[in-house]
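> Need a 3D model of the following:
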Amino acid sequence: MPELPEVEVTRRSFAQAIAGARIESVRVGKPLRWPLGCAPQSLVGHKVVSIRRRGKYLLVDLDSGLLLLHLGMSGSLRFSPDLPPPGVHDHFDVMTSQGTLRLHDPRRFGAVVYAVDEQAAVAQKLLGGLGMEPLSDVFTYPAFEAGLKASRAPIKQVLLAGRLVVGVGNIYASEVLYLAGIRPTVAAQRIGPQRARRLFDAIRAVLARAVELGGSTLKDFSSADGMAGHFQHEANVYGRDGAPCHHCGSAIQLLRQGQRSSYFCPRCQRA
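Take a look at the predicted model:
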């Protein structure tokens, strides 16, 4: 599933190229996770102002209203002035004066939703419960520490939930917990100030590095200009069960938490 780094990499790969473009036509394929919420033809003539990101959502600001894009489990975007004809898994095309933006989504868990503004009910339903943005100034240590102290849930689950901080998906949760020396099963409220600070710093460091490396490509993720990610090649624990820890040499272990895979070093992450 594309997480925050992959979505941010996608945003950066086409935001400048599409800015200022005028929508000339819209093609809607098979139904996606949620309905568009407007007649496709009503988007024609509008201008693309900018592309933003909130959590795992891309926000396409128009001169009137906005489109909220979610890549779902297997979705990806392409933007180019010369895309080939749409294939069986290409479910949404926005043809503009500067190129075509296409959503490719084999499993159709992604979505494109129109809202008149961010305060509209549909936008608030999707964005209203999201936590702090970890790569922005709104991500502060006091708020993060307070959120940890308020939860008895395992820290891995707290990170994945996205209500305290957004974008720490399964790969990145394992990596930040390793960097902070915290086992994924420990209750969030049991993490003391020193380790909480390490975790806070690790979240920023790991996600920033993932964006720098183009995200993670485990199966078929690529950015809107077709580039694959490389963060997976630097992973310390994720996907390395049985392999030696880079720091202590202990075998990396795998456990299941809420049907998700958690990787950790039993020596470097004792508690």
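> In the chain, spot the helix with the most residues.
Counting by DSSP state H, the longest helix found in the chain is helix 193-212.
> Show me what the helix or strand that comes right after that helix is packed up against.
Counting by DSSP states H and E, the next helix or strand C-terminal to helix 193-212 is strand 253-257. Helices and strands touching strand 253-257, by 3 or more Cβ pairs under 8 Å, 6 or more residues apart in numbering; DSSP states H and E, are strand 260-264. All C-beta spots, glycine's among them, are computed from the backbone N, C-alpha and C.
> Stretch 191-208: which residues count as buried?
I191, R195, A196, R198, L199, F200, A202, I203, V206, L207 (16 or more other Cβ atoms under 10 Å).
> For the closest residue to the third one other than its chain neighbours, which residues are in contact?
Spatial nearest neighbour of A196, chain neighbours left out: E145 (5.0 Å); criterion: Cβ to Cβ, 6 or more residues apart in numbering. When contacts are counted by Cβ atoms under 8 Å, 6 or more residues apart in numbering, E145 touches P193, A196, R197, F200.
> Now do E145 against Q194, distance only.
11 Å (Cβ to Cβ, to the nearest Å).
> Just confirm the residue nearest to A196 is within a helix.
Yes. Under DSSP: H, G, I helix; E, B strand; the rest coil, E145 falls within a helix.
> What distance do you get for it to L164?
10 Å.
> swap in R197?
Remark: distance between R197 and L164 (Cβ to Cβ) = 15 Å.
> cool, G249 as well?
G249 is 33 Å from L164, by Cβ to Cβ.
> Which residue of those two possesses the greater neighbour count?
Taking other Cβ atoms under 10 Å, G249 and L164 do not tie; L164 has more neighbours (20 against 9).
> which one is that one nearest to, not counting chain neighbours?
In this structure, L164 finds its nearest non-sequential neighbour in G147, 4.0 Å apart by Cβ to Cβ, 6+ apart.
> so what pLDDT did that neighbour get?
pLDDT recorded at G147 is 98.
> how close does it sit to E175?
For G147, the distance to E175 - Cβ to Cβ - is 20 Å.
> Of these two, give the one with the bigger neighbour count.
E175 (26 against 18).
> Tell me if I'm right that A202 and A173 touch.
No. Applying Cβ atoms under 8 Å as the test, A202 and A173 come out as separate, 10.3 Å apart.
> returning to that earlier point: would you convert the buried residues of stretch 191-208 into TSV that also reports distance to L130 and pLDDT?
Listed next are the buried residues of stretch 191-208 as TSV, based on distance: Cβ to Cβ, whole Å; pLDDT from 0 to 100:
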residue	distance to L130	pLDDT
I191	22	97
R195	25	96
A196	21	97
R198	24	97
L199	19	98
F200	18	98
A202	20	97
I203	15	97
V206	19	93
L207	15	95
